[in-house]
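K.L.:
Just the structure for this:
(one chain, ligands or ions: 1)
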Amino acid sequence: MSTTTGTDQAEREAFYARIDPQNMAPLWTRLKSLVPAAPTPIGVPHQWRYADVRPFVLESASHISAEEAERRVLILENPAMRGSSQITSSLYAGIQLIMPGEVAPAHRHTQSALRLVLEGNGAYTAVDGEKTIMQPGDFVITPSWTWHHHGHEAGSEKGPMVWLDGLDIPMLAHFNSTFREDHHEAEAEITRPTGDSLARYGSGLLPLNYRAQALNSPIFNYPYVRTREALAQLAHAGAPDAHQGYVMRYVNPVDGGWAMPTMATTIRLLPKGFSTQTYRSSDSAIFVALEGSTTLSVAGQTFALAPKDVAVVPGWMPYTLNAPEESVLFCFSDRVAQEKLGFFREARG
Ligand code: 1HN
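P.N.:
Below you'll find the model as predicted:
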């Protein structure tokens, strides 16, 4: 039984006006929008075609050096969030260019970063005292507050090097816990040989007395050659997941958790002719096509993803993936943060 007691609308409005100077407001006029039954979409689905993006990314080198820019990046902004530097409600994405001979100077910040290499060779990133040479498809992490700089070996035959950056900038902005520091030198000190982390932690081995001491994976480059080999093997053994294809998480090998505490990263293979069932989850997803061609269908739109294209699917929007050819897709989202905080949801069908 509903009981409607109290004053009429005009008296209520007068009441709201009298509490307003106290910096107070009634919850009951706002409760349903503050706590909706299901997420209200933030942002829209969108695709950035690499063929469209690439010429502008390359042109940026004629306008500014990596050194002057600090990071020469073109931000991918969700069309419904222009001016926010956001691709989703919680994440940032951009396309970074480094030319032969350049250095993007060392700094550190509380935001975590990931790189997904799109094209080129000969560039390295140095994270927390170790360099790694990056190859297309490699997934590289830069944990919170680790010194990092990037460089590209001189020699114009090496050509431009381009990768996608993903950062949790809006998430840290939400908590207002952003700190940054510039290194006193352009290149931070290298303290370990190239390949050290992968050998120590990524070979099915761990140093005998090693104990997980960090929120992040001790591996910071997950080379695509290894990832691709695992996917190929997987695709020969058993059926793909009906909603997601052959999908794997990038993992912290020490504790089985995600590679980073704020950004979840996955890689999936869709066999030729495969179509997923409808899937949705509370994390907004950013897809990067690596191989083949994939049709992403979401909210009545279809996006044909060619290699190196980027697409965003806002959280809780149902979508399907269809692969006319065998395809590989990288994906990142804030799923890991939602899981740790206890509110991640997904639905199939
Ligand atoms: C950053 O440090 C990088 O290290 C890339 O490559 C993009 C965007 C905003 C703030 C810091 C990098 C960034 C960034």
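K.L.:
Quick check: residues of the stretch 51-200 of the chain near the ligand?
P.N.:
Taking Cβ under 6 Å from any ligand atom, the part of the stretch 51-200 of the chain that reaches the ligand is made up of 71, 73, 94, 96, 109, 113, 148, 165, 167, 169. Where C-beta positions appear, they are placed from N, C-alpha and C, glycine not excepted.
K.L.:
The second one touches residue 93, doesn't it?
P.N.:
No. Taking contact to mean Cβ atoms under 8 Å, the distance of 9.5 Å between residue 73 and residue 93 leaves them out of contact.
K.L.:
what does the model give the closest residue to the ligand within the stretch 1-150 of the chain for pLDDT?
P.N.:
Residue nearest to the ligand within the stretch 1-150 of the chain (Cβ to the nearest ligand atom): residue 71, separated by 4.2 Å. In this model, residue 71 is scored at 98, pLDDT.
K.L.:
Same check on the one 4 residues further on?
P.N.:
Taken from the predicted model, the pLDDT recorded for residue 75 is 98.
K.L.:
got a list of what it touches?
P.N.:
If you count contacts by Cβ atoms under 8 Å, 6 or more residues apart in numbering, residue 75 has them with 85, 92, 93, 94.
K.L.:
distance of the last one from residue 166?
P.N.:
Computed with Cβ to Cβ, to the nearest Å, the distance linking residue 94 and residue 166 is 8 Å.
K.L.:
what about those two, which has more around it?
P.N.:
Set side by side, residue 94 and residue 166 show more neighbours around residue 166, with 27 against 20, by other Cβ atoms under 10 Å.
K.L.:
Any idea how far the longest helix along the chain is from the middle of the chain?
P.N.:
Ranked by residue count under DSSP state H, the longest helix found in the chain is helix 50-63. With Cα atoms, centre = their mean, to the nearest Å as the basis, helix 50-63 stands 21 Å off its chain's centre.
K.L.:
repeat for stretch 308-327
P.N.:
With Cα atoms, centre = their mean, you get 14 Å for stretch 308-327.
K.L.:
Compute the first-to-last residue distance for that stretch.
P.N.:
12 Å (Cα to Cα, to the nearest Å).
K.L.:
From the residues of the stretch 51-200 of the chain next to the ligand, which land in strands?
P.N.:
Mapping these onto strands (DSSP state E) picks out 73, 94, 96, 109, 113, 148, 165, 167.
K.L.:
Residue 111 versus whatever residue of the stretch 101-250 of the chain ends up closest to the ligand, what's the distance?
P.N.:
Residue of the stretch 101-250 of the chain nearest the ligand, by Cβ to the nearest ligand atom: residue 165 (4.3 Å). To residue 111, residue 165 is 10 Å away according to Cβ to Cβ.
K.L.:
neighbour-wise, which of the two wins?
P.N.:
More crowded of residue 165 and residue 111, by other Cβ under 10 Å: residue 111, with 22 against 19.
K.L.:
mind checking pLDDT for that one?
P.N.:
Residue 111 carries a pLDDT value of 98.
K.L.:
quick one: the strands in the stretch 51-200 of the chain?
P.N.:
Taking DSSP state E, counting those that start in this stretch, the strands of the stretch 51-200 of the chain run over residues 73-75, 92-98, 103-109, 113-119, 123-127, 130-133, 139-142, 148-152, 161-167, 180-182.
K.L.:
Cool, thanks, talk later.
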